[in-house]
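Chemist: quick one: sequence and predicted model below, then my questions.
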Amino acid sequence: MYRSHVTKLNLGLLFAATLVGCSSETAPRVLTTEERLLVEFEAAYSESGPVPEGEVHFELRASPTEVPQFDDAPFAVWAYNEQVPGPVLRVRLGETVVVVLQNDLPQPTTIHWHGVRVPNAMDGVPGVTQPAVEPGESFTYRFTPKDAGTFWFHPHVRGSEQVERGLYGVLIVDDPEPLPWSRDELWVLDDWLIRKGPELVEEFNTRRDLSHDGRWGNVVTVNGNYRNELEARPGERLRLRLANTANGRIFAPDFGELDAKVIAVDGLYTSEPLPAEGFEISPGNRLDLDITIPKGSAGQAFEVVDRFTRQAFILSRIRVSGDEVETPTFEAPRNPNIPEWNEFEAVELDAEYVLNARAGGKYGLEWTINDVAWEQAVIDEEFGKLEAGQFHRLRFTNASARLHPMHLHGQFFKVLSRNGEAVSEPYFRDTVLLKRRETVDIGLVPLDWGRWMLHCHILEHAEAGMMTAVDVPKATSE
Ligand SMILES: [Cu+2]
């Protein structure tokens, strides 16, 4: 693992040496590939985050409750503050988030802050970063987000049951000076497996769920509505945030005639606005879009259609009415510092994770990473180590015929190749979808120390063992 000893901290020096050459006494040094990849990364995003400026306090009480759902019938769920989706937590970059979780569920729970670079102890993984919060008890989460963007939160205990029952919500971290969008809208995408009543089908982790791509519901909802509509006026410019909170379903939204540009993936801005065609949103993924409602479109409704499966369906409608408004003109946000990392092939793989299934385990079928199924006994084992401030290349090899959106806690990464072919994704991610038999290489520079989970975000696969961890040891200089 000790291939080079350059860290992000002395990159400035390295960079200066590259640009201006060296003093007369030392010969100019040629940078290694690892060093060049690090120089590319240097300004990609902040290592330390903003200076904390004040706290914003929230309370989240997790409890069984009923919400009006599916034509306003009472529907039994588990929810944060009796809402599904849970309340939107919104702060400005620099503000410290303080959340008191009160567990009034009949099971232990935790909250994981998906995509947020939190201190390890705030990551919400039972037995790894904290003890589970027992029924009747509470736990306080406190962290200062390092990135502005769209994030979400959910339990990391029995996720396939707790998330499916309705425990999830979105955390929005606003830029210090938000751009003047006409509207900032959020669509939380989910699906539910229900039967007449309506009531939730309460058999979780079934053989069928495990041997397929997790639990796919028979009703899709956007913000809890199965016939969602967004009202807009002609000329309005929307920032539309999408978050997939489903257990297993993948969405591929088609915006039809609307000019929709992706400006952020998994919270972070892309290098430039990208056409929305072809983006798939796996469980865990977020997508932020820049959409302008055409002038002269009053009276029209734009359908947003999901095309991931062969049975396309209307996800939501944007209904245009009212007087035309002036379209705000501003340059869409972008991150010009996304590294290309074209030279990644010259760097050895640090680890390969082979994803597969086998008979066994408490559900009769277990999902494995390198032939190990995660369970309590695995927690004390040694995990692969990644050095903070170093470039790493990891490989996922899907030896199965099922889908696996792989999620790494605490870090962002960039997809480098699929099936050995280099790909150019001008953005970072925290979750990447592997299709059947696919191999994906990712590159990353870990910045935060701790034990970080690496798992499939199809929650039934994770529940049946498809989880591991990586260790980022604390640098000795810290
Ligand atoms: Cu999976």
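Modeler: On my side now, so go ahead.
Chemist: quick one: the strand ranked longest in the chain to chain centroid distance?
Modeler: The strand that spans the most residues within the chain, counting by DSSP state E, is strand 55-69. How far strand 55-69 lies from its chain's middle: 21 Å, per CA atoms, centre = their mean, to the nearest Å.
Chemist: what of stretch 307-323?
Modeler: Worked out by CA atoms, centre = their mean, stretch 307-323 lies 23 Å from the chain centre.
Chemist: ok, stretch 200-217 next?
Modeler: That offset, for stretch 200-217, works out to 22 Å (CA atoms, centre = their mean).
Chemist: contact partners of it?
Modeler: Applying CB atoms under 8 Å, 6 or more residues apart in numbering, the external contacts of stretch 200-217 come out as 75-77, 160-161, 164-165, 190-195, 246-250, 283, 357, 363-365, 367, 402-403, 458-461, 463-464. (C-beta placed from N, C-alpha, C; glycine too.)
Chemist: buried members of the residues you listed into PyMOL, please.
Modeler: Buried residues within the contacts of stretch 200-217, by 16 or more other CB atoms under 10 Å, are selected in PyMOL with:
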select buried, resi 75+76+77+160+161+164+165+190+191+192+193+194+246+247+248+249+250+283+357+363+365+367+402+403+458+459+460+461+463+464
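Chemist: beyond the helix or strand bottoming out on mean pLDDT in the chain, next helix or strand please.
Modeler: Every helix and strand in the chain was compared by mean pLDDT, DSSP states H and E; the lowest is helix 11-20, with a mean of 47. Per DSSP states H and E, the first helix or strand lying C-terminal to helix 11-20 is helix 33-41.
Chemist: what's the average pLDDT for that next one?
Modeler: Across helix 33-41, the average pLDDT comes to 95.
Chemist: now for the longest strand of the chain, which elements pack on it?
Modeler: Helices and strands touching strand 55-69, by 3 or more CB pairs under 8 Å, 6 or more residues apart in numbering; DSSP states H and E, are strand 73-80, strand 96-103.
Chemist: looking at these, which is closest to Tyr353?
Modeler: strand 96-103 (30.7 Å; CB to CB).
Chemist: how far is the next helix-or-strand element following the closest one from where the chain is centred?
Modeler: Where DSSP H and E defines the elements, the next helix or strand beyond strand 96-103 is strand 112-114. Relative to its chain's centre, strand 112-114 lies at 8 Å (CA atoms, centre = their mean).
Chemist: same question for stretch 447-465.
Modeler: 12 Å.
Chemist: among the helices and strands packed on strand 55-69, which is nearest the ion?
Modeler: Set against the ion and scored by CB to the ion, the helices and strands packed on strand 55-69 come closest in strand 73-80, at 23.2 Å.
Chemist: what's next to that closest one, contact-wise?
Modeler: Applying CB under 8 Å, 6+ apart, the set of residues contacting strand 73-80 is 60-69, 84, 86-87, 105, 162, 165-169, 194, 197-200.
Chemist: quick one, which of those residues are buried?
Modeler: 60-63, 65, 67, 69, 84, 86-87, 105, 162, 165-169, 194, 200.
Chemist: of those, list those near the ion.
Modeler: Residues of the buried ones among the contacts of strand 73-80 in contact with the ion (CB under 5 Å from the ion): none.
Chemist: count of neighbours near the residue nearest to Gly364 when sequence neighbours are not counted?
Modeler: Leaving aside its sequence neighbours, Gly364 sits nearest to Arg207 (CB to CB, 6 or more residues apart in numbering; 6.3 Å). Here the number of neighbours of Arg207 (other CB atoms under 10 Å) works out to 11.
Chemist: tell me the pLDDT at Arg207?
Modeler: Per-residue pLDDT puts Arg207 at 95.
Chemist: show me what whichever strand or helix holds Trp452 is packed against.
Modeler: Take DSSP H and E as the rule and Trp452 turns out to sit in strand 450-456. The helices and strands touching strand 450-456, judged by 3+ CB pairs under 8 Å, 6+ apart, are strand 404-408, strand 467-472.
Chemist: need the winner for burial among these.
Modeler: strand 404-408 (a mean of 26; mean count of other CB atoms under 10 Å).
Chemist: specify the angle between that strand and strand 450-456 in degrees.
Modeler: If you take axes from the mean of the first three to the mean of the last three CA atoms, to 10 degrees, strand 404-408 sits at 170 degrees to strand 450-456.
Chemist: just to revisit the earlier point, okay, the helices and strands packed on strand 450-456 in CSV with distance to the ion and mean pLDDT next?
Modeler: Listed next are the helices and strands packed on strand 450-456 as CSV, based on distance: least, CB to the ion, whole Å; pLDDT from 0 to 100:
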stretch, distance to the ion, mean pLDDT
strand 404-408, 3, 98
strand 467-472, 10, 96
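Chemist: how about the contacts made by Val98?
Modeler: Glu55, Val56, His57, Phe58, Thr140, Tyr141, Arg142.
Chemist: next, the angle from the longest strand of the chain to strand 73-80.
Modeler: Note on geometry: by the same axes, to 10 degrees, strand 55-69 and strand 73-80 are set 160 degrees apart in direction.
Chemist: and the contacts of strand 55-69?
Modeler: Taking CB under 8 Å, 6+ apart as the rule, strand 55-69 contacts 74-84, 86-87, 89, 91, 95-106, 109, 111, 142, 155, 166-167, 169, 198, 221, 224.
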